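> Here is my input; please provide its structure:
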Amino acid sequence: MDYKNRNFELTDEQVNDLMRYAPAFSQESSENIKTRFYSKTTNKRNYVSIRKIVIAAVLTASILSISVLAYAGILDLSRIYKLVFGDNGEYISQYGTILDGGNESNGIKLDLISTIKDDTKLLVFFTLTDLTESSRLGERMEIRDWHLDQGHGGNCSLVGFDEDTQTASFMITSIGASTNKMASLTIKSFLESLEFKSNLEEKEINITSLLSEHNAKTIPFRKVRGNGISGGFSPESKYNYRDGSLNKLNMLLQDELSIPLSWIDYAVITNMGFVDNEFHIQTKRKSDSFSDVMSIDLVDEHGNVAFESETSIGYGDHEYISMTGRSAYDEFIFQNIHSVSQLEGLTMSIGVAEYGAYHTGEWKADFKVPDKMSKLVLPVNRTLIISGQETYVEDMTVSPLGISITYKSNNLPPHELEMRDRAFVTYKDGTVTNMQFVSIGAFDDTQTLEFSNPVLQLEQIAAININGSEIALE
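Here you go, the predicted structure:
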């Protein structure tokens, strides 16, 4: 499984093309830039009260992943929004709130830039600038050890880096932050680089021969879950957090084996075998390593993937878990492999995440969460098809950043959801926009279907189509 291809990264050619439009910067003009942008921004309060929508799934930063910001501490936000949101940059700028704040630590300065808020998401833009000549920032840097005390989770994404000014620009997407309350952003460390590598075939490990000499022991999932659990679940996985299926799962006993891997030296295979009629492979990363195994596929002699693991579960304390988000152990489960005969002639193909050096500091900034941007609450009051299931929906919420539909949970496991939902927005001039599917999040007894990208101009919307069902605006 090629994890690198799952990133929304620009090619060098695309980056260079976008950078041609980055505005020039000087310290003398910084305050003028801020003043010009502030005159364009207004806080909108035209919104309708509905029940609180909270989603537990972390929204990816796809809204900004196709753009590169202009850099250097103080940014011309109106031009940035045009780069980020294309032709809708001027439209979305009316909902932006400019921010001040930040500090310097370990020779690196944090500057808050801007924020945008809708019903479910808070977008926060900030920069880090290296004031020394040590070049610690870069286009592959990663921040995991951060905290925003508003919301229920989120994602911090690097959206660009300027070599000349040694300035990296980031966006945080936070879920469920409260309007008009003070928020504090704290960053304690960052990694210089993150690179994904895939298709690393381990041809020296004969799986069937190893299994003929090894009978793996097992341990209940509940005995390892207290050590901090992370998980990766494909749509085909029959395990998930919501329905209790994980609590019934058995795992491989730790450290029954210690098999080195030919491509890497920072992780080993610590067990392998069948658990409840499913094939499991367990890996463990070394205590002094940031890097880790991210995926394992089983491939034939030509490198073609025969089986992908539908589920991966990480657990166990690790010295660098706060910086990488990775635990000590990872267990990869192949739910469609039930016998050794299915493994004949197959080898492991490994995908890894490799990190550079890390740096620590105490970067902090406080700001006030702005008002929510304008939104529409559209009555639906009928049954729609969502993820292949008939689902009763009372209403949907539409903001310039996307569409949210909250409904009573059907408690289906992920592998039974089709995840093929489509949304189209028709404007009054007849133009039809295809929205990007983002996620289906779960919280308590509700689920929320989210679409975003591109920006929606609320005043021009005539109708919204969800999986073939049209809801017209009156």
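> Just after the helix or strand hosting Thr129, pick out the following helix or strand.
Per DSSP states H and E: Thr129 is located in strand 121-130. Later in the chain than strand 121-130, the nearest helix or strand by DSSP H and E is strand 146-148.
> who's in contact with that next one?
124, 154, 156, 172, 174, 177, 183-188 (C-beta atoms under 8 Å, 6 or more residues apart in numbering). C-betas here are computed from N, CA, C, even on glycine.
> Of the residues you listed, which pair is most distant in space?
Farthest-apart pair in those is Ala177 and Lys188; separation 20.4 Å (C-beta to C-beta).
> Same drill for those two, tell me which one is more crowded.
Applying other C-beta atoms under 10 Å to Ala177 and Lys188 shows that Ala177 carries more neighbours, namely 21 against 17.
> What confidence value was assigned to the more buried one?
Confidence at Ala177, expressed as pLDDT, is 68.
> Over to the one 5 residues further on?
Here the pLDDT value assigned to Met182 is 89.
> Contacts only, for it.
Counted by C-beta under 8 Å, 6+ apart, Met182 has contacts 366-369.
> Apply 10 Å and report the result again.
Met182 makes contacts with 149-150, 366-369, as judged by C-beta atoms under 10 Å, 6 or more residues apart in numbering.
> Among the residues you listed, which one sits closest to Gly316?
Distances from Gly316 to the contacts of Met182, taken by C-beta to C-beta, are shortest for Asp149, at 27.3 Å.
> That closest one: what's its closest spatial neighbour, skipping adjacent residues?
Ser184 (5.0 Å; C-beta to C-beta, 6 or more residues apart in numbering).
> wait, what's in contact with that neighbour?
101, 147-150, 364-367.
> now Ile471
Contact analysis of Ile471 by C-beta under 10 Å, 6+ apart lists 378-382, 384, 393, 395-396, 398, 463-465.
> Can you classify it as helix, strand or coil?
Under the three-state scheme (DSSP: H, G, I helix; E, B strand; the rest coil), Ile471 adopts strand.
> Excluding sequence neighbours, find me the nearest residue to it.
Counting by C-beta to C-beta, 6+ apart, the residue nearest Ile471 is Ile464, at 5.1 Å.
> hang on, the earlier thing: mind picking the two most distant members of the contacts of Met182?
Among the contacts of Met182, Asp149 and Lys368 lie farthest apart (C-beta to C-beta), at 12.8 Å.
> does Gly93 really touch Met373, like I thought?
If you look again at residue 93, you'll see it is Ser, not Gly. No. The criterion here is C-beta atoms under 10 Å, and Ser93 misses it with Met373 at 11.3 Å.
> what touches both of the two?
Counting by C-beta under 10 Å, 6+ apart, the residues touching both Ser93 and Met373 are Ile116.
> for the stretch 251-400 of the chain, which spans come out with low pLDDT?
Applying pLDDT under 70 to the stretch 251-400 of the chain flags the ranges 318-325.
> what are the phi and psi angles of Ile207?
According to degrees, to the nearest 10, the main-chain angles of Ile207 amount to phi -60, psi -50.
> my guess is it meets Val299, correct?
No. Ile207 lies out of contact with Val299 (C-beta under 10 Å); the separation is 11.3 Å.
> Now for these two: what residues contact both?
345-348.
> which of these lies closest to Met272?
Scanning those for proximity to Met272, where the rule is C-beta to C-beta, the winner is Met348, at 9.6 Å.
> what pairs with the strand or helix carrying that closest one, and is each one parallel or antiparallel?
For Met348, the host element (DSSP H and E) is strand 347-355. Paired neighbours of strand 347-355 in the sheet (DSSP bridges): strand 194-202 (antiparallel), strand 292-299 (antiparallel).
> Mark which of the shared contacts of Ile207 and Val299 are buried, thanks.
346-348 (16 or more other C-beta atoms under 10 Å).
> what would the residues you listed look like in a markdown table with distance to His214?
Compiled in a markdown table, those are given as follows (distance: C-beta to C-beta, whole Å):
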| residue | distance to His214 |
| --- | --- |
| Leu346 | 17 |
| Thr347 | 17 |
| Met348 | 15 |
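> what about the helices in the stretch 351-474 of the chain?
Applying DSSP state H, counting those that start in this stretch to the stretch 351-474 of the chain gives no helices.
> returning to what we had before: common neighbours of Asp149 and Lys368, please.
Common contact partners of Asp149 and Lys368 (C-beta under 10 Å, 6+ apart): 181-183.
> Can you tell me which of these comes closest to Glu139?
Checking the shared contacts of Asp149 and Lys368 one by one against Glu139 (C-beta to C-beta), the nearest turns out to be Ala183, at 27.6 Å.
> The closest one touches Lys364, doesn't it?
No. Counting by C-beta under 10 Å, Lys364 is not a contact partner of Ala183; they are 11.4 Å apart.
> ok, those two, which is more surrounded?
Shown here are Ala183 and Lys364; by other C-beta under 10 Å, Ala183 has more neighbours (19 against 16).
> Tell me the secondary structure of the closest residue to the more buried one other than its chain neighbours, please.
Leaving aside its chain neighbours, Ala183 sits nearest to Gln150 (4.0 Å; criterion: C-beta to C-beta, 6+ apart). Here Gln150 is coil, with the state taken from three-state DSSP.
> Surely Glu142 touches Phe161?
No. Taking contacts as C-beta under 10 Å, Glu142 lies outside contact range of Phe161: 11.9 Å.
> any idea how the protein splits into domains?
4-193+360-368, 196-355, 376-472 (automatic domain parsing).
> so how far does the shortest one reach from one end to the other?
The distance separating the two terminal residues of domain 376-472, taken as C-alpha to C-alpha, to the nearest Å, comes to 12 Å.
> what about the one helix or strand Gln282 maps to, distance to the chain center?
Taking DSSP H and E as the criterion, Gln282 maps to strand 278-285. How far strand 278-285 lies from its chain's middle: 24 Å, per C-alpha atoms, centre = their mean, to the nearest Å.
> cool, and stretch 147-159?
Worked out by C-alpha atoms, centre = their mean, stretch 147-159 lies 10 Å from the chain centre.
> Now that stretch: buried residues?
Going by neighbour count (16+ other C-beta under 10 Å), the buried part of stretch 147-159 is 148, 150-151, 153-154, 156-159.
> That one: end-to-end distance?
18 Å.
> and what of stretch 398-405?
Using C-alpha to C-alpha, one end of stretch 398-405 lies 9 Å from the other.
> roughly how far out does that stretch sit from the chain middle?
With C-alpha atoms, centre = their mean, you get 18 Å for stretch 398-405.
> quick revisit: and the residue nearest to Asp149, helix, strand or coil?
strand.
> Check the gap between it and Asp330 for me.
In this structure, Ser184 lies at 33 Å from Asp330, with C-beta to C-beta, to the nearest Å as the measure.
> Ok, Lys238 next?
Lys238 is 19 Å from Asp330, where distance means C-beta to C-beta.
> cool, Gly154 as well?
Separation of Gly154 from Asp330 (C-beta to C-beta): 23 Å.
> go on, Thr397?
Applying C-beta to C-beta to Thr397 and Asp330 gives a distance of 37 Å.
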